[in-house]
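> sharing a sequence plus its predicted fold:
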Amino acid sequence: MDWDTTDNFSAYSLRNMLTILFKHKRKILIVFGVMSLLTLAIFFWKPKDTFNASARVMVKFGREFVTKSELGSERQTMFNPQSVIFTEIQLIKSPELISRVIASVGPEKLYPEVSGIPSVENRLHAAQGRFLEELKVEVVPNTNMLDISFSHRRSDVAVEVVNMLVESMKEKHLQTFSGNSTAFLEKQFDNYAHQLRQSESRWEAFKQKNAVFSIDEQRTAILAQKGTFESALRSTQTQIAEFEQRLAILKSDRGKADLTQEARTRLIVLQEKEQVLLTKFNENSRTIQNVREEIQNAKKAVAELSEAARRDAIVKAEGELSVLRARADANMRQIAQLNGQLHSLDFRVKDSQEIKREIASHESNYQTYLRKLEEARISDDMDRQKMVALKVVDEATISKAQPSKLRNNMMVLGLLIAIFGGIGLSFVLEFLSPVMTAPQDAERRLGVPVMVAVPRKI
């Protein structure tokens, strides 16, 4: 038998493979049947269809996303909208929120297969991994809304999970963005209110102690009194200078002559007055008679002027001078007293300004914390009513049941394993077997040509 092995290699290989397959047909059928049964068992054991529950939530850019200065400034800053949306997605996917939802619904209710796990913590952990695979949170394009969807074999469980996710998301949102500053603000408010009351009481005590009701008015009144006494002092000092000059003249030799000259001058004035009146009145009129009596008195004074008269004038002048000096001393003492009051008032002004600054500072802090406390209480009331920047646009609804991709994939994979597993097993067994079933195997193994091949019924 002489043929070209190269030309007939394909036919030889195909014939050899068919021989091997026909030889191990029973084993191949057994493997195919077993794998097919296993595939069918898994196919029917796995969930056939899953239900998808979805809800749509709108993220409003409310009070939670506005930052205010803690130093009393009215300036406000708004968060970036994209960062706000991303933050909400991370909140709903947070392990703490997922664990809370699983624990509320029940891990055994969600995934009965985890009920065999003894530890509660391990059951929650196993359910959490499956949960995240079935959960989807997506941003609706060109909006500030989120689509929250969850897939499960039971429609009621899927709806319950989505509703629980939305409620838990609101609570988590409040926990994350709501500040626990009300207690601190109340403490600070009470503290500054107490300090303000103390400062006001200190100011009232200061006013009562120093009889201060208006520092500016009191200073103006003191300065007015000081000006009055200074003017009186200057007038008195001028009079003192005049009396001192007159007294010096009286005490000199020139004093007597001056007194006589003064009396004579008065006599001359009266005589000239008499002449003027005679041109207007009769000699027997009362006016003329009065002037003539004054002229007689003046003549008598000139005649009687002596040293005793000069001494009387000196005594009188010294008496007047003493009175003026006493008045000047009293004015100076009064001015000194007023200067002391002004000096004391300056110290009181300094103390009053310090107290007023303290009151203004406490009042400013009091008003600042009062405003912040009111804002915090309003925010707390809104938090208690769950008035958050999240609004459910569409409640959780069930969409059309979807066939399980895993189920279909496992079916195809099982059939492929059943077919190629049996074929592969036959070739492995043939390779390990010491029996040669074809002449070509004998020629290849022994290295000698086969002369005769006797067919055997298999």
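Happy to help now that I have it. Numbers count the residues shown, from 1 in each chain.
> dihedrals phi and psi, Leu18?
Per-residue torsions, Leu18: phi -60, psi -30 (degrees, to the nearest 10).
> helix, strand or coil: sort out Asn284 for me.
Under DSSP: H, G, I helix; E, B strand; the rest coil, Asn284 falls in the coil class.
> got phi/psi on it?
According to degrees, to the nearest 10, Asn284 has phi -90, psi 0.
> got it, and Phe281?
Dihedral angles for Phe281 - degrees, to the nearest 10 - are phi -120, psi 170.
> how close does it get to Pro107?
Going from Phe281 to Pro107 by CB to CB, to the nearest Å gives 141 Å. C-beta here means a position set from N, CA and C on the backbone, and glycine is covered the same way.
> between those two, which one's more packed in?
Remark: of Phe281 and Pro107, Pro107 carries more neighbours, 23 against 14, as counted by other CB atoms under 10 Å.
> once you drop chain neighbours, what's closest to that one?
Closest residue to Pro107 apart from its sequence neighbours, by CB to CB, 6 or more residues apart in numbering: Ala127 at 4.0 Å.
> ok, now Glu96?
Lys172 (7.6 Å).
> my read: that neighbour touches Leu97, true?
Yes: with contact defined as CB atoms under 8 Å, Lys172 reaches Leu97; the gap is 5.1 Å.
> quick one: common contacting residues for the two?
Overlap of the contact sets of Lys172 and Leu97 (by CB atoms under 8 Å, 6 or more residues apart in numbering) consists of Leu91.
> so what pLDDT did Glu160 get?
Glu160 carries a pLDDT value of 90.
> that one belongs to a strand, doesn't it?
No: checked against three-state DSSP, Glu160 lies outside a strand; its state is helix.
> now it: how far from Ile102?
Counting by CB to CB - Glu160 and Ile102 are separated by 12 Å.
> which of those two has more neighbours?
Ile102 (24 against 21).
> was I right to think the more buried one contacts Ala127?
Yes: with contact defined as CB under 8 Å, Ile102 counts as touching Ala127 (5.1 Å).
> anything in contact with each of those two?
Leu110.
> could I get the full set of helices for the stretch 251-400 of the chain?
254-278, 286-304, 307-384 (DSSP state H, counting those that start in this stretch).
> ok, of those helices, where does mean pLDDT dip lowest?
With a mean of 69, helix 254-278 has the lowest mean pLDDT of the helices of the stretch 251-400 of the chain.
> check which helix or strand the closest residue in space to Lys93 that isn't next to it in sequence maps to.
Leaving aside its chain neighbours, Lys93 sits nearest to Val137 (6.4 Å; criterion: CB to CB, 6+ apart). In this structure, Val137 sits in strand 135-139 according to DSSP states H and E.
> in that strand, which of the residues would be classed as buried?
Leu135, Val137, Val139 (16 or more other CB atoms under 10 Å).
> indicate which one of the helices of the stretch 251-400 of the chain is closest to His152.
Of all the helices of the stretch 251-400 of the chain, it is helix 307-384 that lies closest to His152, at 31.5 Å by CB to CB.
> name the helices or strands packed onto that closest one?
Secondary-structure packing of helix 307-384 (3 or more CB pairs under 8 Å, 6 or more residues apart in numbering; DSSP states H and E): helix 182-210, helix 215-251, helix 254-278.
> got the ones you listed as CSV, with distance to Ala360 columns?
Shown next, in CSV, are those (distance: least, CB to CB, whole Å):
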stretch, distance to Ala360
helix 182-210, 9
helix 215-251, 16
helix 254-278, 71
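> can you tell me which of the ones you listed is nearest to Lys372?
Closest of the helices and strands packed on helix 307-384 to Lys372 is helix 182-210, at 5.5 Å (criterion: CB to CB).
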